[in-house]
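1. next one to model:
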Amino acid sequence: MARIPEQLIEQLKAQVAVERLIESTGVELKAVGKDLRGRCPFHDDREASLVITPAKNLWHCFSCQIGVDRSTG
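-> Sure thing, here's the model as predicted:
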């Protein structure tokens, strides 16, 4: 299977806003200070455990303990 070039992956990370990507899946996000909170799309989330930090373009779910940011992909 062909790999996606690292340069293309980095370009997408820089150009795609995480909050817009998550919202496009139907997750409703609410502002909490500088962050956004919503229900994690990766598990049956009954509370808003997904936190998105738009200024850093990163996200983390405090329930299922997964997350990603620009630098660690």
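
2. any regions of this structure where pLDDT drops low?
-> 1, 69-73 (pLDDT under 70).

3. tell me where this structure has helices.
-> When secondary structure is read from DSSP state H, the chain shows helices at 6-15, 18-23.

4. JSON lines for these, including mean neighbour count and distance to Ser63?
-> C-betas here are computed from N, CA, C, even on glycine. Converted to JSON lines, the helices of the chain look like this (neighbours: other Cβ atoms under 10 Å; distance: least, Cβ to Cβ, whole Å):
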{"stretch": "helix 6-15", "mean neighbour count": "10", "distance to Ser63": "24"}
{"stretch": "helix 18-23", "mean neighbour count": "16", "distance to Ser63": "15"}
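
5. and Ser49, how many residues sit next to it?
-> Ser49 is flanked by 17 other residues according to other Cβ atoms under 10 Å.

6. I'd like the numbering to begin with 474 instead of 1 from here.
-> That works, and once the first residue is 474, the last one we named lands at Ser522.

7. for the nearest residue to it once chain neighbours are set aside, what are its contacts?
-> Of all residues beyond its chain neighbours, the one nearest Ser522 is Ser536 (3.8 Å), with distances taken as Cβ to Cβ, 6 or more residues apart in numbering. Taking Cβ atoms under 8 Å, 6 or more residues apart in numbering as the contact definition, Ser536 lies against Cys513, His516, Asp518, Glu520, Ser522.
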